[in-house]
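Visitor: Structure for the following, please:
(chains A and B)
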Amino acid sequence: MSDRFSGMLLRRADDALVLGHRLSEWTGHAPSLEEELALANLALDLIGQARALYALAAEKGAGEDEDALAYLRSDREYTNLLLLELPNGDFAVTIARLFLYAAFMDNFWRAASASRDRDLAAIAAKAEKEAAYHLRHAAEWLIRLGDGTEESHRRAQAALERLWPYTGEMFEPEDEVLVAADVCPEPTGLREAWNRTVDAVLAEATLSRPAEGWMQSGGRAGRHTEHLGHMLAVMQSVARAHTGAKW
Amino acid sequence: MSDRFNKSGQVVSLRERAWAAAASVVDPEIPVLTIEDLGVLREVVEGEAGVEVRITPTYTGCPAMGVIAWEVEAALAREGIAPARVVTVLSPAWTTDWLSAAGRAKLREYGIAPPGRAGRRALFGDEAVACPRCGSDATVLLAEFGSTACKSLRQCQACREPFDAFKCH
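Guide: Down below sits the predicted model:
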């Protein structure tokens, strides 16, 4: 049970850290100062969620501590969604990805705040408020881009088409033992709520929902795109060069 | 390292002394608030292994938590309270409702609008936020994400003053 639980925590922690790191890459490059602060704030929330989840996973025996889990595991040991490791692309891709993920996590964390595990429930109770802010921010931008200029509309639609094949992975079933024990919500059950959010925002943004088709998979089993290894090489370089350093 | 007498000759327990020391620590980013005002200081317990001070994080990614834990340790050490340790507890999760009335008043005086009552409506800024300077409710949101994770940036339409507002959480 403990292995199952820490495995689930690592999946969610890896998701949060990988997207948090991607968003932090915008620092110094965002289209406006206001948006730069916003993206850095979102990254901070996600990295904070990752820390809490890693610390709990470490307590359950998944590793030495949060730093070891974040900085000393290879790409094959990471179990994040492929969607989150893709490069930022242009601003439309960054926003569309944030939107698709936050629309899912808003419901996931709300459901997880009723977890039988008190620590996970407490992490979820905070994370659901953060996810709600993220969803609103991303949705407002997606509407502005979709319903903006011809160029911003074209880019937003292209971003959705590019990312859509990666959305199926969010709904892959969670560990059935944990779900049966009411420790963790079952993602498949959150699909309808996600559809409603996505359809409502896309309609307002005058964007069309991409056709359903073949879905990418593999992140949960450690099979990643080529991008994750490069991202981790940068993210982990200081910790690996100075193993055990404290500052 | 145990109970002492205060100036009026009353016995002050070790637990009370530890609480007072920990409660003197201020938020590094909003130095008018103590961690007691914030509701971050949860409990002080005396066990066989010494004094344990329990604190809880506010925002998940709040970078101030590390400094706060370190400051509590230093405050206990200054009081000669040892052995002591600081423990972070997650449950139940902190919300802005835990800010004390005194804390809210201090925030307003400092120029930061205190948060409304927590809830999903307040979370989305549907509630009026009064200007901490002139008290007018006619304020607008300038930026949802402000100088720290816990604040947004607003402006008063009456006195034109821009100000930070503590977000509901």
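Visitor: Can you pull the residues of chain B lying near chain A?
Guide: Proximity of chain B to chain A, by C-beta under 8 Å from any C-beta of the partner chain, involves residues B:57, B:59-63, B:90-94, B:120, B:123-124, B:143-147, B:149, B:169. For glycine as for every other residue, the C-beta is placed from the backbone atoms N, C-alpha and C.
Visitor: Filter the residues you listed down to the ones in strands?
Guide: B:Ala143 (DSSP state E).
Visitor: Pull out the buried members of the residues of chain B next to chain A.
Guide: Restricting these to buried positions leaves B:57, B:59-62, B:90, B:93-94, B:123, B:143-146, B:149, B:169, with burial counted as 16 or more other C-beta atoms under 10 Å in any protein chain shown.
Visitor: Out of those residues, flag the one nearest to chain A.
Guide: Proximity of these to chain A was ranked by C-beta to the nearest C-beta; the top entry is B:Gly61 with 2.4 Å.
Visitor: quick one: contacts for the closest one?
Guide: With contacts taken as C-beta atoms under 8 Å, 6 or more residues apart in numbering or on different chains, B:Gly61 has the following neighbours: A:Leu44, A:Asp45, A:Leu46, A:Ile47, A:Gly48, A:Gln49, A:Arg51, B:Ala149.
Visitor: And B:Tyr59, by the same measure?
Guide: With contact taken as C-beta under 8 Å, 6+ apart, B:Tyr59 is in contact with A:Asp45, A:Gly48, A:Lys126, A:Glu130, B:Ala149, B:Cys150, B:His169.
Visitor: Same check on A:Glu161?
Guide: A:Pro210.
Visitor: can you do 10 Å?
Guide: A:Glu161 makes contacts with A:Ala96, A:Ser208, A:Pro210, A:Ala211, as judged by C-beta atoms under 10 Å, 6 or more residues apart in numbering or on different chains.
Visitor: Run through the neighbouring helices and strands of the host helix or strand of A:Asp14.
Guide: Assigned by DSSP states H and E, A:Asp14 belongs to helix A:2-24. In this structure, helix A:2-24 packs against helix A:33-59, helix A:66-71, helix A:82-85, helix A:91-112, helix A:118-146, helix A:176-180, helix A:226-241, with contacts taken as 3 or more C-beta pairs under 10 Å, 6 or more residues apart in numbering or on different chains; DSSP states H and E.
Visitor: Quick check: mean pLDDT of that helix?
Guide: Per-residue pLDDT values across helix A:2-24 average out to 97.
Visitor: Stretch A:204-214 now?
Guide: Averaged across stretch A:204-214, the pLDDT comes to 96.
Visitor: low-confidence ranges in the chain?
Guide: Went with chain A since none was named. Across chain A, residues meeting the criterion (pLDDT under 70) sit at A:1, A:247.
Visitor: nope, chain B
Guide: Counting by pLDDT under 70, chain B contains low-confidence ranges at B:1-2, B:118-127.
Visitor: could you pull out the strands for it?
Guide: Using DSSP E, the strands of chain B run over B:4-5, B:11-12, B:41-47, B:50-55, B:84-88, B:112-113, B:139-143, B:151-156, B:162-166.
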